[in-house]
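Peer 1: pasting the structure only:
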């Protein structure tokens, strides 16, 4: 595709002028006074999600310019090429088809292969979930990066749908302090290990897998070797290496499935074990519904597209360097960590598709904590810090608590959920409205020092306001709604990457540290520091001691 880079389009120049004349000093409070219908005009409905984007520093004119930029950058053509299975990861010569993993039978490329693996995997899952026959009570997923973050995020998020007879554990860090507490107290006869490594060579994963194997053999005694095949399963394409390890049950996937987009594939095995075949298919269906929304909805009402365009508006015109994600649901506590990899590994690039250096910034730093915990930690900076940081709130209307709880507990939990939602709304409202020094002067501050003058105290209690946020509202946290939410984020990242003209699907930055680690490992045995820089040599010597 012969498509111009974003900074070479007419729309980019118009956006610069728009920012200089209107965007730089845009005030949300004034906008709401002048546009009574602003919330309705800048809210977007998508499968399972309604997004209020009205508390962002933009208006319909900004949105229309951003949509024009998307079209001039060929976003729709790039999207359609990805969905057709064309090579959109040129540095590795690969298609990018995680959407095919959740498409109905016959509705996407490679459908026969995808559904053959899915059917076989889910059939096996139901056998293990019959705990009376399988004897399995604990599932330990051993992976790292995309083989860990997705399942580790999804399983607690779907707590209300989990198998009551199974407990799930996740090990990723090569640091033994990760796996040892997990193994402590487990019975090898009741434990199933999932080794998640596409190549079956990932350093951290194989180190932990071998340690788990040693623990298992020690605990099982003489029959241990014969039992490995029943207690270890692999999600990998390297069947030969898995077999040499003693694993007989493997589920594979394809080179057009990137690690951070792989939870829909066999990498989702722990999720399927946790929620069962029907719920896993429901999660895939929720994601597919969002795929269709992204593929078919005009950009002006296309939620992933608008979020990605907002990211470009903030990163390249306002100069905001980070975005905070604040899910107001404890089940989503691992979502910020998951999104860190999904976005920063995808779009943390400094050259365009032709390998030319970029004159503009790309991925923001993504970070966050669940509400209300974050309010008592980093929200101080969001409200009164010197940096403006857009915030993404996620609110879930209804709880999914166990209905077998007593009426008194149910009532108490309903009250707590109302408090949670009120806090979510209050934070976005406070970020936008702020508090003037004049208003602070009219208030009493019981904890303020009496030695300070009223004006000094008021200045400390002044909030600048006009700080942007988006609020995503879901009705309930279900497999379908969570599938839609994750697919929305995947497409959003594709959108901003397409506008920036980068390859969102490689990750060469992960490789350099791995290569250097392999070079350093032998030096820990020999102590040889020849050719190392002074700092690395000194640190290696100290750490060997």
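Peer 2: Happy to help now that I have it. The structure presented is a predicted model; accordingly, all values stated were derived computationally and were not measured. Residues are numbered from 1 along each chain as shown.
Peer 1: ok, now how distant is residue 361 from residue 318?
Peer 2: The gap separating residue 361 from residue 318 is 11 Å, by Cβ to Cβ, to the nearest Å. Backbone N, C-alpha and C define where each C-beta goes, glycine included.
Peer 1: and if you look at residue 208?
Peer 2: Taking Cβ to Cβ, one finds residue 208 at 42 Å from residue 318.
Peer 1: between residue 361 and residue 318, who's got more neighbours?
Peer 2: Neighbours were counted for residue 361 and for residue 318 using other Cβ atoms under 10 Å; residue 318 has more, 17 against 14.
Peer 1: quick one: residues contacting that one.
Peer 2: Applying Cβ atoms under 8 Å, 6 or more residues apart in numbering to residue 318 gives the contacts 19, 23-24, 57, 388.
Peer 1: care to break this protein down by domain?
Peer 2: Listed domain ranges for the chain are 43-88+283-400+411-437+455-500, 97-282, 511-544 (source: automatic domain parsing).
Peer 1: which stretch among those approaches residue 29 most closely?
Peer 2: Residue 29 sits nearest to domain 43-88+283-400+411-437+455-500 of all the domains of the chain, at 6.5 Å, using Cβ to Cβ.
Peer 1: start to end distance for the closest one?
Peer 2: Start-to-end span of domain 43-88+283-400+411-437+455-500 (Cα to Cα, to the nearest Å) is 25 Å.
Peer 1: okay but residue 7 is in contact with residue 356, surely?
Peer 2: No: in terms of Cβ atoms under 8 Å, residue 7 does not count as a neighbour of residue 356; the distance is 11.3 Å.
Peer 1: ok, those two, which is more surrounded?
Peer 2: Between residue 7 and residue 356, residue 7 has the larger neighbour count (other Cβ under 10 Å), namely 15 against 10.
Peer 1: what's the pLDDT at that one?
Peer 2: If you check residue 7, the pLDDT there is 97.
Peer 1: ok, now the one 5 residues further on?
Peer 2: Reported pLDDT at residue 12 in the predicted model: 98.
Peer 1: what residue ranges in this protein score low on pLDDT?
Peer 2: 1 (pLDDT under 70).
Peer 1: all strands of it, in order?
Peer 2: 43-46, 49-52, 87-89, 94-95, 138-142, 167-171, 191-196, 232-235, 250-251, 322-328, 365-367, 391-396, 469-474 (DSSP state E).
Peer 1: how about these in TSV, adding distance to residue 438?
Peer 2: Conversion of the strands of the chain to TSV gives the following (distance: least, Cβ to Cβ, whole Å):
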stretch	distance to residue 438
strand 43-46	32
strand 49-52	29
strand 87-89	54
strand 94-95	59
strand 138-142	56
strand 167-171	51
strand 191-196	58
strand 232-235	61
strand 250-251	64
strand 322-328	29
strand 365-367	34
strand 391-396	26
strand 469-474	24
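Peer 1: what's the closest of the ones you listed to residue 383?
Peer 2: Residue 383 lies closest to strand 391-396 among the strands of the chain, at 10.1 Å (Cβ to Cβ).
Peer 1: output the contacting helices and strands for the closest one.
Peer 2: On a contact count with 3 or more Cβ pairs under 8 Å, 6 or more residues apart in numbering; DSSP states H and E, strand 391-396 meets strand 322-328, helix 407-433, strand 469-474.
Peer 1: strand partners (parallel or antiparallel) of the last one?
Peer 2: For strand 469-474, the pairing partners within the sheet under DSSP bridges are strand 49-52 (antiparallel), strand 391-396 (parallel).
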